[in-house]
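> Fold the following, please.
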Amino acid sequence: MEENLTAVTDFIFLGFSDLQHLQPLLFVLVLLIYFFTLIGNGLIIAVTVADLALNTPMYFFLRNLSVLEICYTSVVIPKTLTDLLSERRAISFLGCAVQMYFYLFFGSTECGLLTVMSYDRYVAICNPMRYSLIMSRKVTLSLAAVVWIVGKLVACEQTAAIFMFPFHGPNQINHFFCDVLSVLRLVSTDKSLINAILSFLTVVFTIVPLILIIISYASIIWTILKMHSGEGRRKAFSTCSSHLITVILFYCSGFITYMRPSSNVSVDTNRALALLYTVIIPAFNPIIYSLRNKEVKEALRKFLTRTVSLLHRPLLCWWKEFIH
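Predicted structure coming up:
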């Protein structure tokens, strides 16, 4: 019987096919948010590289976070935009595996990076006298390297755990990208082993980092509350509030999407949540870190002023040549 089954060679995204009248509007909105994500996070990267005052571990990790947000959204959004303008929303079997791999890679790496950033804030607030010694350049680079390597390994394991099994049934993915849960429903075999592997990896590489973040912030809050100076407490809270907001947005969207019972959740809810964590939340990173951080705002102001000045001079010269 199994010999007569045809292996799946490509997948069809159902995406937003039931919302034909809204697809042009969705295309414009997603495109605008994507551009904002690229420009905003690109500015964060440029500013933290150009300004020597921001040459610290905190901003080094922020730069990594911005790179991740750009990569994370670029794995999903360009294909989604193409599908919104296309009637056949297909992706090859290999293309689906590659998209899932990079989606998991950047998502897992961000999870680890947020943990490292919480440790950085813990050392800065709870052990400020030894901060430069503990968070040396070598340690900072090593932590970042470990985070990226572990993210790669997690993505390899999770992608292999799904695509090592046969796909002989339907090939329609009720989503707008190769999400783990949506593709898993199409596996033509008993899913108990896959679920066990994915559950183990989720606990080790998602729940454990969250516990470490909670421990770090419990220590940070306890240290802040023991401070006698109101100004000191305010300054300490301001240095970690942006990161805390990012952690809450990242984990809340992830838990709501992947840790809830799926039986009572509609397709529309799934798509709305997916748009939230793949399109909208990555655009918040530059807003959170620029609006709530005086150093970033000042560096951004200087960077933009310098950039406009550099662009203004050749344009002015060209205009004078032109009118003469």
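
> Could you use CA atoms for every contact and neighbour count after this?
OK.

> what ranges do the strands span in the stretch 151-300 of the chain?
Ranges of strands in the stretch 151-300 of the chain, per DSSP state E, counting those that start in this stretch, are 172-173.

> Helices along that one, start to end?
Ranges of helices in the stretch 151-300 of the chain, per DSSP state H, counting those that start in this stretch, are 180-184, 192-202, 208-225, 230-258, 267-275, 281-291, 294-323.

> Those helices: which one's closest to I39?
Among the helices of the stretch 151-300 of the chain, helix 281-291 comes nearest to I39, with 9.1 Å by Cα to Cα.

> contact partners of the closest one?
Contact with helix 281-291 is made by 33-34, 36-37, 40-41, 44, 66, 69-70, 73, 242, 245-246, 249-250, 296-297, as judged by Cα atoms under 8 Å, 6 or more residues apart in numbering.

> any idea how far A155 lies from L201?
Separation of A155 from L201 (Cα to Cα, to the nearest Å): 10 Å.

> And the strands in the stretch 1-150 of the chain?
For the stretch 1-150 of the chain, applying DSSP E, counting those that start in this stretch gives strands covering 10-13, 90-92.

> picking that back up, of the helices of the stretch 151-300 of the chain, which approaches L81 most closely?
Closest among the helices of the stretch 151-300 of the chain, using Cα to Cα: helix 267-275, at 12.3 Å.

> hey, which of the helices of the stretch 151-300 of the chain is tucked in deepest?
A comparison of these by mean neighbour count, using mean count of other Cα atoms under 10 Å, puts helix 281-291 on top with a mean of 20.

> related to what we said a few turns ago, give me whichever of the strands of the stretch 1-150 of the chain is most buried.
strand 10-13 (a mean of 18).

> Format the helices of the stretch 151-300 of the chain as JSON lines; extra columns: mean pLDDT.
Shown next, in JSON lines, are the helices of the stretch 151-300 of the chain (pLDDT from 0 to 100):
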{"stretch": "helix 180-184", "mean pLDDT": "86"}
{"stretch": "helix 192-202", "mean pLDDT": "74"}
{"stretch": "helix 208-225", "mean pLDDT": "91"}
{"stretch": "helix 230-258", "mean pLDDT": "82"}
{"stretch": "helix 267-275", "mean pLDDT": "77"}
{"stretch": "helix 281-291", "mean pLDDT": "83"}
{"stretch": "helix 294-323", "mean pLDDT": "66"}
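
> could you dump those helices to CSV with distance to S108?
CSV is the format used below for the helices of the stretch 151-300 of the chain (distance: least, Cα to Cα, whole Å):
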stretch, distance to S108
helix 180-184, 13
helix 192-202, 10
helix 208-225, 10
helix 230-258, 11
helix 267-275, 16
helix 281-291, 14
helix 294-323, 26
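
> so which of those comes closest to H21?
The nearest among those, by Cα to Cα, is helix 267-275 at 15.3 Å.

> can you list contacts of that closest one?
G15, N174, H175, F176, S253, T257.

> re earlier: nearest to M58, of the helices of the stretch 151-300 of the chain?
helix 230-258 (9.5 Å).

> got the angle for the closest one vs helix 267-275?
Angle of helix 230-258 versus helix 267-275, following axes from the mean of the first three to the mean of the last three Cα atoms, to 10 degrees, is 140 degrees.

> How far off centre is helix 230-258?
Here helix 230-258 is found 15 Å from its chain centre; the criterion is Cα atoms, centre = their mean, to the nearest Å.

> which residues does the residue nearest the centre of the chain contact?
By Cα atoms, centre = their mean, the chain has its centre lying nearest to E69, at 4.3 Å. The contact partners of E69, taken as Cα under 8 Å, 6+ apart, are T37, N41, P282, N285.
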